[in-house]
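Q: Model the structure of this input:
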Amino acid sequence: MRLTRERLLLLALLAALVAVWWGVWREVSRATTITFLDVGQGDSILVQAASGKTMLVDGGGSQGQEASGYDIGREVVLPALLARGVRRIDALVVTHPHDDHVGGLAAVADQVPVGMVLDPELESTSEAYARFREEVEKRKIRAYRATEGQRLNLGDGVYVEMLNPPDPRLVGTKSEINDNSVVMRLAEGRVSVLLAADIDRAGAERMARLGEALHSTVLKVPHHGSAQAAVPGFVEAVRPELAVISVGARNQFGHPSDEMLGELERVGAKVMRTDRDGAVTLRLRPPRWWAWGYGGKRRFEGSVEPVSARQRR
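A: Numbering: from 1, shown residues only. Sure, this is the predicted structure:
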């Protein structure tokens with residue numbers, strides 16, 4: 001009888017130990033993950049907050065996709081979402097209606113429940129964008145006009161603030177759709193990520209005027225590293241530790257440009273590119289962050305100092 005009591009006590013102690021370590025493991029493993037999907041010469045970014053909420057920004061694509069019959073949403077984006085355990089998208093953000101950003105969104109909206117859509121609602125002749133909007137209406141998904149000043153709460157201290165486009169929209173620029181694309185800054189504690197969509201010179205100059213408020217740990221480089229977006233004041237204001245460029249291999253535009261790479265080098269940013277690193281995964285557990293490419297071949301990490309510590313330098 002005494003042996004039975006000892007065994008029961010041992011089992012109870014083991015159960016308590018397992019419960020404690022399970023709780024510790026869950027707390028340690030909770031982290032926000034941002035994946036810059038490899039969609040060639042386009043953008044598609046998946047945010048999986050530690051709270052379990054998800055946000056998808058753009059869906060890749062290419063000009064002429066509709067005629068070719070190839071659907072990057074069906075072939076690339078959807079499999080990537082499923083592989084990462086995504087069964088629902090709480091917020092789907094369209095940065096602007098160009099084919100390389102909206103090409104895969106109709107397939108996503110058709111297959112994955114979407115809580116809400118944020119869209120700058122810019123005029124467009126894109127067939128892929130029209131097909132996506134039809135899918136949104138058919139499924140009665142709540143859609144809102146994206147404008148600076150809006151804020152999304154992804155739970156557990158993860159917030160997303162819209163910094164662009166302004167209302168009224170920018171007019172008279174050489175690239176109005178790009179310059180009015182949705183720019184967002186995701187922040188969790190002291191770690192922040194600026195998703196700069198496809199802003200060109202006018203948009204980047206406008207952003208640069210935000211000054212210190214634009215400073216971010218990680219920058220999704222605007223417009224695939226275009227020379228038009230290589231505004232010195234913009235990159236200097238962001239001062240990223242890591243820059244991620246979503247770009248296609250051997251693309252006809254010469255992206256990323258020497259001008260943009262030079263600006264990033266000037267501020268000491270580490271650079272990762274989807275054409276060389278594949279899908280780039282960024283993991284946030286403030287004040288620390290980690291980033292790695294497909295297969296983990298290249299890895300970077302860092303820790304964000306308190307503002308007071310940076311100011312003492």
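
Q: so what's residue 247 closest to, chain neighbours aside?
A: Spatial nearest neighbour of residue 247, excluding adjacent residues (CB to CB, 6 or more residues apart in numbering): residue 224 at 4.5 Å. All C-beta atoms are positioned from the backbone trio N, CA, C, and that covers glycine.

Q: Make sure that neighbour is indeed in a strand.
A: No. Counting by DSSP: H, G, I helix; E, B strand; the rest coil, residue 224 falls outside a strand, being helix.

Q: what about it, neighbour count?
A: 25 (other CB atoms under 10 Å).

Q: Can you give me the distance of it to residue 188?
A: Between residue 224 and residue 188 the distance, using CB to CB, to the nearest Å, works out to 26 Å.

Q: Tell me who's in contact with the most centrally placed residue in the chain.
A: Within the chain, the residue whose C-alpha comes closest to the C-alpha centroid is residue 45; the distance, by CA atoms, centre = their mean, is 4.1 Å. The contact partners of residue 45, taken as CB atoms under 8 Å, 6 or more residues apart in numbering, are 34-37, 56-58, 195, 220, 246.

Q: And for residue 284?
A: Shown in contact with residue 284 (CB under 8 Å, 6+ apart): 31-34, 188, 191, 193.

Q: that older thread, got a quick ChimeraX command for the buried subset of the contacts of residue 45?
A: Those of the contacts of residue 45 that count as buried under 16 or more other CB atoms under 10 Å are selected in ChimeraX with:
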select :34,35,36,37,56,57,58,195,220,246
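
Q: Which of the contacts of residue 45 fall within strands?
A: The members of these that map onto strands under DSSP state E are 34-36, 56-57, 195, 220.

Q: Pick the one among these closest to residue 263.
A: Minimum separation from residue 263 among these (CB to CB) is found for residue 220, which lies at 14.6 Å.

Q: For that closest one, which non-adjacent residue is closest in space?
A: In this structure, residue 220 finds its nearest non-sequential neighbour in residue 195, 4.6 Å apart by CB to CB, 6+ apart.

Q: In the sheet, which residues pair with the one you found? Tell me.
A: Beta-bridge partners recorded for residue 195 (DSSP bridges): residue 184, residue 220.

Q: How far does stretch 242-252 sit from its chain's centre?
A: Centre-to-centre, stretch 242-252 and its host chain are 15 Å apart (CA atoms, centre = their mean, to the nearest Å).

Q: is it true that the residue nearest to residue 220 touches residue 58?
A: No. With contact defined as CB atoms under 8 Å, residue 195 does not count as touching residue 58 (9.3 Å).

Q: which residues does the residue nearest to residue 297 when sequence neighbours are not counted contact?
A: Across the structure, with CB to CB, 6+ apart as the measure, the residue nearest residue 297 apart from its sequence neighbours is residue 277 (7.3 Å). Contact analysis of residue 277 by CB under 8 Å, 6+ apart lists 293-294, 297-298.

Q: and those residues, which two are the farthest apart?
A: Greatest spacing in the contacts of residue 277, by CB to CB: 294 and 298 (9.6 Å).

Q: Can you give me the domain boundaries for this protein?
A: When the chain is parsed into structural domains using automatic domain parsing, the resulting residue ranges are 1-26, 31-311.

Q: can you give me the mean pLDDT across the longest one?
A: Throughout domain 31-311, pLDDT has a mean value of 95.

Q: how far does that domain sit from the chain's center?
A: Centre to centre, stretch against its chain (CA atoms, centre = their mean), the figure for domain 31-311 is 4 Å.

Q: All good on my end, thank you.
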